[in-house]
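Asker: Got a predicted structure here, sequence first:
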Amino acid sequence: MATLGRPTKYRPEMCDKVIELMKEWASLVEVAWTLDIDETTLHDWKANNKEFSKSIKRWIRLSEAWWQRMWRENLFESPDWMRFNYTGWYMNMKNRFGWADKQEIEQKTLSVAVTVEAEQASLVAKQLLNDWGATPSDKTDGSS
């Protein structure tokens, strides 16, 4: 049975090329361009080739670590820190590594049902009005 499509360009030695590009801190787009493939193919190779996937994952970790070190060195340790472009650095981190401005906050609510006798409700209402400095005879509809 014949296979459909072109044969893959993937070769195991491409893992070495990814590692070489790691040393230059290339982006995934640069890696794909250097390997003469599109990003979709790169992600397909990553999904289907264990060694290639390891190389890409290692590249991502090393690249993010390198960029974080650049931030630390330029912002905290460099006497020339005023020239550091924090905005450009942060946009790079958001685009390369999925950093985000928002925080996910999970909020849970609790519902409680309370049964109150009419007499108790009247007492509570009178106490609240008293606490607020009002009396039951005060008008609450805003008319004079």
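Answerer: Right, received. Where do you want to start?
Asker: could you say what helices and strands the lengthiest helix in the chain packs with?
Answerer: For the chain, the helix that runs over the most residues, judged by DSSP state H, is helix 50-72. For helix 50-72, the packing partners by 3 or more C-beta pairs under 8 Å, 6 or more residues apart in numbering; DSSP states H and E come out as helix 14-22, helix 28-34, helix 39-48, helix 86-97. The way it works is simple: take the backbone N, C-alpha and C, and place the C-beta from them, glycine included.
Asker: relative orientation of that helix and helix 14-22 in degrees?
Answerer: Counting by axes from the mean of the first three to the mean of the last three C-alpha atoms, to 10 degrees, helix 50-72 lies at 0 degrees to helix 14-22.
Asker: Please identify the buried residues of helix 50-72?
Answerer: Across helix 50-72, burial judged by 16 or more other C-beta atoms under 10 Å covers 52, 55-56, 59, 63, 67.
Asker: Distance from it to the middle of the chain?
Answerer: Counting by C-alpha atoms, centre = their mean, to the nearest Å, helix 50-72 is centred 17 Å from the centre of its parent chain.
Asker: How about residues contacting it?
Answerer: Residues from elsewhere that reach helix 50-72 (C-beta atoms under 8 Å, 6 or more residues apart in numbering): 10, 12, 14-15, 18-19, 21-22, 25, 28, 31, 42, 45-47, 84, 86, 89, 92-93, 96-97.
Asker: One more: stretch 34-48?
Answerer: Contacting residues not belonging to stretch 34-48 are listed as 8-10, 14, 17, 21, 26, 28-29, 31-32, 52-53, 56 [C-beta under 8 Å, 6+ apart].
Asker: Same check on stretch 6-16?
Answerer: So stretch 6-16 is contacted by 35-37, 41, 45, 49, 51-52, 54-55 (C-beta under 8 Å, 6+ apart).
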